[in-house]
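**Student:** Sharing a model that was predicted from the sequence below.
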Amino acid sequence: MYKFFQKHKFIIFIVFIYFLNIVNAFLSTTGIFNNLLSPYKRDFFMVFNAFIGDVAFISIFVGLGFIIFKKEKSIIKYMIVITFILSFFCYAMSNYIPIYGMMFSFWNLKAFSGGGGGEAFDFVIDSFALIVSSGKLIFFFPAILILILYFTMYKRNLNIKDNSNFAFVKRIYIGIIVIMFGLIFSNVSYLNYKNVNKDNWFNDNSTPLHGTESIGLYNFYIYEGLEFVSNELNLKKNTNDNRDKILSDLKKYEDDCQLNMIDGNMYCNTVENNGLAEGKNLILMQVESLNNFAIGLKVKVNNEYLEVTPNLNRLLESSVYFNNFYTAVGIGNTSDAEFSALTGLYPSGPKYTIYEYGNVEYPTLARSFEDSGYYSFSIHANGGEFYNRKYIHENIYGFSDYYGEEELEEMGLINRDDFVHLWMGDTEFLEATVDIIKSQNELGKNVFSFPITISTHLPYSEDENLYKDIVPLFPDDYKDLHGYSLGYLKHLYYTDYAIGNMFSKMEDLGMLENTIVALYGDHGSTINFAETMKYNTEIFENDINGVFGKDFAVEGNNIIAERRFEQNVPFIIYDKTKTIEPRVISYSRGQTDIYRTLANLFGLEQQYYFGQDAFIDVDHFVYSPRTSDIFIGDMAISSSSYEFFSVSSVVKYDSLDRKRIIEEYQKYLDFNNKLLEYELFPKVSK
């Protein structure tokens, strides 16, 4: 047996190279180690076609090894390097997935384009420790095992000159054949995938996860990379084959009465809420990384349970509180939340919507207010080039003005000594927002303002200015929590103070009676706080929303429950006068419902009615462009794996219902994404 292995060790080694790298690729597209993924149910075609694709990909490099190197050992060393590179790629993917909840796409690189690319890069550097801490070192196992095999199988030759040469003609011949095999079957795998899906939903709506599962992890990124480059060079033709159908479907949304596909009934805007806030100011505040579990959350500090968000908790007495409300973000994070809240549409998911579909004037909440004679402005502490906000907000969304760091500095409102991390702190930022509203009110204008906070942004590192105006919630020697979880709560406590300070200032200025304040979280904390709660239940209390792992989702390792928890953000509509009746609404809602709900409250005209009026007394489904999860009632349903989670032990929607919900989700997602892609709204005029 030993002689057999010695005689055929080169072939055995190459077989191991193939086997270990293919297993690594397969595991990268499952939820075994990347547990926030929700992989599609694989049929035989997907498994076999992915196997062909990745075998073909590796074969290209094996063939190159034969052509470049003439010695057996040199080829082996070269393939060890390739294995380390592929292992690092799988490891990098395991870093990426916990942060974004989805597979990497080349379209994600658009974050570094434009004037804000430098700041995006700075964020990656600042968050490097968090990103790396999420990675799974298990993906380096193939590289380490291959290295061990090399020293084991070739140990007798370590100090002996390598005379195992391949004849020039033979190695060129082998190399070309292996490369040709790789190129042909790589393409066969891709074409098989396209052919199988040409007449189904995946033809237009495939995701990187579905692609990697179907044509192989490594092989997929060859073709996606080529598609990305082709798109950037304007070489790819856009086809609008379904344009007429999408236009026809769009007309249905001109009516506020629409069919709910879940129960088959028609629902319209709530008449009793129409115009309740007419003539008042609106502050629609998008709060960075505000999860719903933060509302009512108490943490044990020195044997006493202290509130993390005391000011937000007090607001609920005069508010409508939507506690079963979900973020709609994809890869675009904060910019996606802005898009959904202002338009009522979903972002695309794997692509940056503002970069790919930012050429039209969307019907937005800002435009509805402008048409009613309001002055509208958006404001963010970052520069106007980041996410191309100044252009997007003033031209695509229709705000009169966008105030970024540059404008705030011109107004003399920037004091860099008070910055929290890289930006103006939320306290000074929200005070500046109030000042702008006040100045416009004095000119006789009602105001719609859209402040986007930033202080609770990753990586939640220490900053002395967090405590400039407040006593820290946690003592320096606090040991029950640490790292990013502790940092997140510290930043929440600061932003909660900033919001409370804004309300105090508005009260002092006599503005609250004439102002509605609506606020929501843009997305979750990105640090999987469910895990923190599960393993530290004794230090948390929450009389409003409960504690994950103690009050719900206590059995097993329910990843869908964790994804639901992380994507659940609050939506609060505050009215000091209580003209809008304070209450808690627990029907499933999402960021795409914000525009329609607020437009009805303010009696505004809308061209299209996307989303739902959040006040109707029925559940409707909302979905996550990031994870492809569907949220309805107290359930979360994975549209890819068909798995589900129910808070209640009584499952409201059975398997047939869930299948129908997934089908309706697929229809709407197809309509939504084609509506963006076909650019059916008026082109930007400025």
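**Tutor:** Yep, it's here.

**Student:** got any ranges where the stretch 201-350 of the chain has weak pLDDT?
**Tutor:** Counting by pLDDT under 70, the stretch 201-350 of the chain has low-confidence residues at 235-240.

**Student:** need the strands for it, in chain order.
**Tutor:** Remark: strands assigned in the stretch 201-350 of the chain by DSSP state E, counting those that start in this stretch are 258-259, 266-267, 281-287, 297-301, 304-307, 319-322, 325-326.

**Student:** quick one: which of those strands is nearest S640?
**Tutor:** Closest to S640 of the strands of the stretch 201-350 of the chain is strand 325-326 (Cβ to Cβ; 17.1 Å). Yep, even glycine has a C-beta here, placed from its N, CA and C like the rest.

**Student:** which residues sit against the closest one?
**Tutor:** Strand 325-326 is contacted by residues 292, 520, 567-571, 588-591, 622, 624, 631 when judged by Cβ atoms under 8 Å, 6 or more residues apart in numbering.

**Student:** run the last query once more with 10 Å
**Tutor:** 292, 520-521, 523-524, 564, 567-572, 585-594, 614, 622-624, 629-631, 636 (Cβ atoms under 10 Å, 6 or more residues apart in numbering).

**Student:** same question, stretch 503-517
**Tutor:** Here stretch 503-517 makes contact (Cβ under 10 Å, 6+ apart) with 276-277, 279-285, 311, 314-315, 318-319, 430-431, 433-435, 437-438, 441, 446-449, 499, 502, 572-577, 579-580, 598, 601-602.

**Student:** So which bits of it are buried?
**Tutor:** For stretch 503-517, burial by neighbour count (16 or more other Cβ atoms under 10 Å) applies to F503, K505, M506, M511, L512, N514, T515, I516, V517.

**Student:** cool, and stretch 626-646?
**Tutor:** Buried, per 16+ other Cβ under 10 Å, within stretch 626-646: 626-641, 643-646.

**Student:** That stretch: end-to-end distance?
**Tutor:** Stretch 626-646 has an end-to-end distance of 20 Å (Cα to Cα, to the nearest Å).

**Student:** pLDDT on it, on average?
**Tutor:** For stretch 626-646, mean pLDDT rounds to 95.

**Student:** Just the CA coordinates for stretch 509-518, please, in PDB.
**Tutor:** Taking Å, rounded to 0.1, in the frame of the first residue of the first chain, the C-alpha atoms of stretch 509-518 are listed here in PDB:
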ATOM      1  CA  LEU A 509     -39.700  76.500  21.800                       C
ATOM      2  CA  GLY A 510     -43.400  75.600  21.800                       C
ATOM      3  CA  MET A 511     -43.100  73.400  18.700                       C
ATOM      4  CA  LEU A 512     -44.400  70.000  19.900                       C
ATOM      5  CA  GLU A 513     -48.100  70.800  19.700                       C
ATOM      6  CA  ASN A 514     -47.700  71.500  16.000                       C
ATOM      7  CA  THR A 515     -45.200  68.700  15.100                       C
ATOM      8  CA  ILE A 516     -45.600  65.000  14.600                       C
ATOM      9  CA  VAL A 517     -42.500  63.000  15.200                       C
ATOM     10  CA  ALA A 518     -42.200  59.700  13.500                       C
END
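
**Student:** mind starting the numbering at 6 from now?
**Tutor:** Understood, numbering begins at 6; the last thing we discussed is stretch 514-523.

**Student:** Give me the distance from that stretch to the chain's centre.
**Tutor:** 32 Å (Cα atoms, centre = their mean, to the nearest Å).

**Student:** now swap in stretch 144-160 and tell me
**Tutor:** Here the centre of stretch 144-160 is set off from its chain's centre by 37 Å, with Cα atoms, centre = their mean.

**Student:** Any buried residues in it, and which?
**Tutor:** F144, F145, F146, P147, A148, I151, L154, Y155, M158, Y159.

**Student:** For those residues, give me CSV that also has secondary structure, distance to G337 and pLDDT.
**Tutor:** Listed next are those as CSV, based on DSSP: H, G, I helix; E, B strand; the rest coil; distance: Cβ to Cβ, whole Å; pLDDT from 0 to 100:
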residue, secondary structure, distance to G337, pLDDT
F144, helix, 27, 95
F145, helix, 31, 96
F146, helix, 34, 95
P147, helix, 33, 95
A148, helix, 34, 95
I151, helix, 38, 93
L154, helix, 43, 88
Y155, helix, 44, 88
M158, helix, 49, 76
Y159, coil, 49, 73
